[in-house]
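**Student:** sequence and predicted structure below; questions after.
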Amino acid sequence: MVSALLAWVVGCSRPAPPTPELIILHTARLRGNVYPTDVRGEIPLQHYPYLAGYVKATRAEAARHGAEVVVVDLGDSLAGSFAAHVTGSRNMAAFFNTVGYDALVLGNLDADLPADLLPQLQAPVLSPFTGPAGEPAMAGTQPGVRFRKGGLAIALLANFHGDTPVAQHPLRFPSRFGPDRRPVVPVREYGPVLRSLPAIDGVPFTAMAWMKFERPDPPPERFLGSLRALGIDLILGHRIGNGRDPESWQGVAPPDWDPPVTENFLRNNLGFTVARTDLRREGGSWKVLRREVIPLTANTAPPDEEVRAAVAPFAAAIREADLAVGTLDRDLDAAAIHRIYLAALSSMPDIELIASPSDSIRSGWKAGPLRAGQVFNSLPWTAPLYRVSVPASRVAELARLENLDLWRNRESSDPVLHLATSAYFASLVREQFGLVEIEPLPLPGEFDFFLGYLRARPDFAEAIPGPGWVRAEP
């Protein structure tokens, strides 16, 4: 009896754990993968109802002790799936609006969004890219935002790849953005961005959304010092895992940096996760109480029926667009599909060079019926194809580009050859080689062009680049 009473007294004297004043939830790289639940998507288990359910549960939890919740997406989420392609990303607008995100950031995979999408999004849309003179990368975007949340003045800045120079990894950065394909550069000066934001009364909190977060080693101390000087309280990072990472999301400890980092971690594009950060104001600064990456399943939160209902009306359009392509008598891996795609490029008239990155094919095809949605999952690129005029004397230079599969029609002896390639690589060769004669081909986007080729050729599984085509050598 005495020991029980003593334990009760000790328990009563133990201070309660601190409760957060602010909870940040951040997602990224959803890749348009929000399908009506009765339409099978790229990932059979649709995670978005559980994400919406977790956001609702977190808001209810926060309300019990007076905390605010801010929900942010870091980018590469509005496009990338067959559903988003068919609906013009309206499936994603329905998702983000229904969940009630506070801000959305565009990533490099969002470079080809429809012009009429952004006005449909209720949250402010940020872009980590601007035009060379600082103009918006896409109408309706901005590199930073400040808004009120309860008694807090929340500021968010958009970043892509930290302070990494474009020249260091040119293939990772878009050089053109938006429906008018305007040239862009990554934002690197954030002082002017912060100063341009409207002043709002409230306790300040400032975060940076860092997409393509790759844990640079050693840490970028000069860049981190500039963030501290700007008063950045938290870095919201997102990266894609690889085979060297732990199997468990929870097995990834955040970097020990100042400002602190909460890292959302997506392993090999499989499944949705949400990163949660709990913070409390102590001594005039924000203290991180909790950082966690949460995989989203039925074990995390009950599915939200409201968001399911918001996405359901798109089912008919997605089914109608999922056309039959043909029937495969065997599995085809990514290398075989890449060969077929090169054959499609070689079928164009007045083209003497074709190029495609060797890793542009994202998945294989199983034996049996092949449908348009499966083709999109393998080649989810929707920007126009381009024609670039290349002096024959410079073909060897092009062939030395990392990860580029370049083919040449050896029957052509013209001094200037015409290259057919994606908008992404067309921009790259223009920037790196100073090639100025570049124009979009009068064709549908990359996926629709490939789909048309497959549907017009019943024996597409056996297709190879046409007669006279050989791989170009450096």
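**Tutor:** Looks like it arrived, so ask away.
**Student:** tally of neighbours for residue 358?
**Tutor:** Counted by other C-beta atoms under 10 Å, the residues lying close to residue 358 total 12. The C-beta positions use only the backbone N, C-alpha and C, and glycine is treated the same way.
**Student:** state the distance from it to residue 402.
**Tutor:** Distance of residue 358 to residue 402, given as C-beta to C-beta, to the nearest Å: 10 Å.
**Student:** one more: residue 394?
**Tutor:** Residue 394 is 17 Å from residue 402, where distance means C-beta to C-beta.
**Student:** more crowded one of these two?
**Tutor:** A direct count of neighbours by other C-beta under 10 Å for residue 394 and residue 402 places residue 394 higher, at 15 against 8.
**Student:** which ones are touching the residue nearest to the more buried one when sequence neighbours are not counted?
**Tutor:** Nearest in space to residue 394, with sequence neighbours left out and distances taken as C-beta to C-beta, 6 or more residues apart in numbering, is residue 433 at 6.5 Å. Applying C-beta atoms under 8 Å, 6 or more residues apart in numbering, we find residue 433 in contact with 390, 394, 397, 398.
**Student:** which residues of the stretch 151-300 of the chain fall in helices?
**Tutor:** Using DSSP state H, counting those that start in this stretch, the helices of the stretch 151-300 of the chain run over 191-196, 221-230.
**Student:** make TSV out of those helices and add mean neighbour count, mean pLDDT and distance to residue 81.
**Tutor:** Output for these, formatted as TSV (neighbours: other C-beta atoms under 10 Å; pLDDT from 0 to 100; distance: least, C-beta to C-beta, whole Å):
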stretch	mean neighbour count	mean pLDDT	distance to residue 81
helix 191-196	13	97	31
helix 221-230	14	97	33
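**Student:** can I get those helices in JSON lines including distance to residue 429?
**Tutor:** Formatted as JSON lines, these follow (distance: least, C-beta to C-beta, whole Å):
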{"stretch": "helix 191-196", "distance to residue 429": "31"}
{"stretch": "helix 221-230", "distance to residue 429": "30"}
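**Student:** out of those helices, which gets nearest to residue 316?
**Tutor:** Of all those, helix 191-196 sits nearest to residue 316, with 42.5 Å by C-beta to C-beta.
**Student:** do me a favour and get the end-to-end distance for stretch 458-474?
**Tutor:** Distance across stretch 458-474, first residue to last, is 35 Å (C-alpha to C-alpha, to the nearest Å).
**Student:** buried sites along that stretch?
**Tutor:** Of the residues in stretch 458-474, 460, 461, 463, 465, 466, 469, 472 count as buried by neighbour count, 16 or more other C-beta atoms under 10 Å.
**Student:** quick one: the nearest residue to residue 319 once chain neighbours are set aside from residue 98, how far?
**Tutor:** Excluding the flanking residues, the one nearest residue 319 by C-beta to C-beta, 6+ apart is residue 39, at 6.5 Å. Distance, residue 39 to residue 98, using C-beta to C-beta: 17 Å.
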